[in-house]
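Student: predicted coordinates and the sequence they were generated for:
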Amino acid sequence: MQIQSAFAAGMQGLQRASAGITEEAVNINRQTQQNRSIEQTAAAQATAEPAAAATTSPAPVDINQSLLRLEQQQLQGQANVRSLRTADEMLGSIIDVRV
């Protein structure tokens, strides 16, 4: 059984958090664009047919879940940075070298 070093585990977690942040940022951008498109379509329908626009316009996309996942990824990244710092300090203490 092979055990990962603290540095490798911290770096791997930091890379996963970075990828998650990128993914959620793309999702938020996509959802914002969809909401903007829905608002523009609804505004165009409201000026053309005021009575029909209220009943046929789709609901805006909720971005709260993506924002929540973005915050979670940020916290995971911060936790992995702390583990990297701790591993660095421990290694410095073990070999009695501090930079």
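Tutor: The structure has been received and is ready for your questions.
Student: biggest helix in this structure by residues?
Tutor: The longest helix of the chain (DSSP state H) is helix 6-48.
Student: who does it touch, helix- and strand-wise?
Tutor: Helix 6-48 sits against helix 50-56, helix 64-94, with contacts defined as 3 or more CB pairs under 8 Å, 6 or more residues apart in numbering; DSSP states H and E. Every residue, glycine included, has its C-beta placed from N, CA and C.
Student: which parts of the longest one are buried?
Tutor: By neighbour count on 16 or more other CB atoms under 10 Å, the buried set for helix 64-94 is 66, 69, 70, 73, 76, 77, 80, 83, 84, 87.
Student: so which of the helices and strands packed on helix 6-48 gets nearest residue 16?
Tutor: Among those, helix 64-94 comes nearest to residue 16, with 7.4 Å by CB to CB.
Student: in JSON lines: the helices and strands packed on helix 6-48, plus distance to residue 32 and mean pLDDT.
Tutor: JSON lines is the format used below for the helices and strands packed on helix 6-48 (distance: least, CB to CB, whole Å; pLDDT from 0 to 100):
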{"stretch": "helix 50-56", "distance to residue 32": "22", "mean pLDDT": "57"}
{"stretch": "helix 64-94", "distance to residue 32": "10", "mean pLDDT": "90"}
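Student: which one of those lies nearest to residue 44?
Tutor: Nearest of those to residue 44, taken as CB to CB: helix 50-56 at 8.6 Å.
Student: state the distance from residue 43 to residue 36.
Tutor: 11 Å (CB to CB, to the nearest Å).
Student: on that earlier part again, pipe the helices and strands packed on helix 6-48 into a markdown table and attach distance to residue 13 per row.
Tutor: Converted to a markdown table, the helices and strands packed on helix 6-48 look like this (distance: least, CB to CB, whole Å):
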| stretch | distance to residue 13 |
| --- | --- |
| helix 50-56 | 47 |
| helix 64-94 | 4 |
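Student: specify the stretch among those that is closest to residue 23.
Tutor: helix 64-94 (8.2 Å).
Student: which residue lies nearest the spatial centre of this structure?
Tutor: residue 70 (2.7 Å; CA atoms, centre = their mean).
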